[in-house]
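> Structure, please.
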Amino acid sequence: MSEEFEKPVKRRFIAGAVCPRCSEMDKIVNYKMGDKNYRECVACGFKDEIRLQATARELDTRVNKTKEREVEETAVKILQPPGDKN
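Predicted structure coming up:
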C-alpha cells in the first residue's frame, strides 16, 4: 500500500504555527505516516516532511550525575611561598 493512501494515525494542531505558504496562523497540523513526520496546512493544503534532529546529550550536573561518573576527591595541601613570614 502506498504512503499517499494511508490514513494518518493522529493529527495535532501546532499552536502559534504560521503556514509558510498562506501565512495563516493556527492552521498547521502535525502527523506521522509510517516512519516520517509531516506538517500540513488545513487552510491551503501546504504539506511537507518534518526532519527531526537527534536530541543532544544532557550535560552532567550534580543533580543528574550517576555514581559511575563521579570523580574521586583528594585533599590538596596549600604551601606558603618561601620567604613569606605569615
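
> Report how many residues lie close to Glu40.
As a burial measure, Glu40 scores 18 neighbours (other C-beta atoms under 10 Å). C-beta: built from backbone N, CA, C; applies to glycine.

> Is it within a helix or a strand, and which one?
Counting by DSSP states H and E, the element that carries Glu40 is strand 36-41.

> Off-centre distance for that strand?
Put simply, strand 36-41 sits 17 Å off its chain's centre (C-alpha atoms, centre = their mean, to the nearest Å).

> can you check stretch 42-60 too?
Counting by C-alpha atoms, centre = their mean, stretch 42-60 is centred 9 Å from the centre of its parent chain.

> Also stretch 13-26?
Distance, centroid of stretch 13-26 to centroid of chain: 20 Å (C-alpha atoms, centre = their mean).

> returning to what we had before: going by neighbour count, list what's buried in the strand holding Glu40.
38-41 (16 or more other C-beta atoms under 10 Å).

> distance between the helix or strand harbouring Asn30 and the chain's centre?
Taking DSSP H and E as the criterion, Asn30 maps to strand 28-33. The chain centre lies 17 Å from the centre of strand 28-33; the measure is C-alpha atoms, centre = their mean.

> now stretch 9-24
19 Å.

> got the buried residues for that stretch?
Applying 16+ other C-beta under 10 Å to stretch 9-24 flags 17, 19 as buried.

> Pull the residues that contact that stretch.
25-33, 39, 41, 43-44, 46 (C-beta atoms under 8 Å, 6 or more residues apart in numbering).

> Which strand or helix spans Pro20?
Judged by DSSP H and E, Pro20 forms part of no helix or strand.

> Ramachandran angles for it?
Per-residue torsions, Pro20: phi -70, psi -20 (degrees, to the nearest 10).

> Only C-alpha atoms, please: export stretch 29-37 in CSV.
What follows is stretch 29-37, C-alpha atoms only, in CSV (Å, rounded to 0.1, in the frame of the first residue of the first chain):
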residue,chain,number,x,y,z
VAL,A,29,-1.3,20.1,11.9
ASN,A,30,1.4,17.6,12.6
TYR,A,31,1.1,13.8,12.0
LYS,A,32,3.1,10.7,11.3
MET,A,33,2.8,8.3,8.4
GLY,A,34,5.0,5.2,8.5
ASP,A,35,8.3,6.4,9.9
LYS,A,36,8.1,10.0,8.6
ASN,A,37,6.6,13.1,10.3
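
> Many thanks, have a good one.
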